[in-house]
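In: what would the 3D arrangement of this be:
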Amino acid sequence: MVLSIQNQKIEINLNQYGELVEPKLPNLLEIVDNTKEIYINILDTDPMSGGVFVNVLKLINHGDHVKVVERYKSPLGEITIDKHYENAKPSDILKLLFPYTFK
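Out: Below is the predicted model of the structure:
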């Protein structure tokens, strides 16, 4: 887990069901709104990988808009999708994508 407010970067790890593994902070959504880069990692349960966390989502907070970079990996290659959300906060996007985890 990386939680570096000086560098404006935070990593959030979720299990294969999208539930929060770490960091378990009561004010996580407030920290996310004040952070420049947010990395969302999901546990890969493939026995060949050994249960490592894989980065699937990156949110870049520009203040007035948020850039979301989604990464999908398959045996054929990697797909990256860039989205921009105007007048949104990173916590709103996390609530939208993971409604049961971030309330």
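
In: what segments of this protein are helices?
Out: Listed in chain order, the helices of the chain (DSSP state H) span 28-33, 90-97.

In: select, out of these, the one closest to V54.
Out: When those are ranked by distance to V54, counting by CB to CB, first place goes to helix 90-97 at 15.9 Å. For the C-beta atoms, the positions are set from N, CA and C on the backbone; glycine is no exception.

In: what's the mean pLDDT across that closest one?
Out: Averaged across helix 90-97, pLDDT comes to 90.

In: what sits up against it?
Out: Residues from elsewhere that reach helix 90-97 (CB atoms under 8 Å, 6 or more residues apart in numbering): 29-30, 32-33, 35, 38, 40, 57, 59, 61, 66, 68, 85, 101-103.

In: now do 7 Å
Out: Applying CB atoms under 7 Å, 6 or more residues apart in numbering, the set of residues contacting helix 90-97 from outside is L29, V32, D33, I38, L59, N61, V66, V68, Y85, F102.

In: and of the helices of the chain, who's closest to L20?
Out: In this view, these are compared for proximity to L20 by CB to CB, and helix 28-33 is the closest at 7.8 Å.

In: pull out the buried positions in the closest one.
Out: Of the residues in helix 28-33, those with enough neighbours to count as buried (16 or more other CB atoms under 10 Å) are L28, L29, I31, V32.

In: burial of the nearest residue to V32 once chain neighbours are set aside, as a residue count?
Out: Closest residue in space to V32, ignoring its immediate chain neighbours: P90 at 4.8 Å, by CB to CB, 6 or more residues apart in numbering. Per other CB atoms under 10 Å, the neighbour tally for P90 reads 23.

In: can you read off the pLDDT for the residue nearest to V52 when sequence neighbours are not counted?
Out: Using CB to CB, 6+ apart and skipping the chain neighbours, the partner closest in space to V52 is D44 (5.7 Å). With respect to pLDDT, D44 scores 78.

In: just checking, D44 touches K73?
Out: No: distance between D44 and K73: 9.1 Å, which falls outside the contact criterion (CB atoms under 7 Å).
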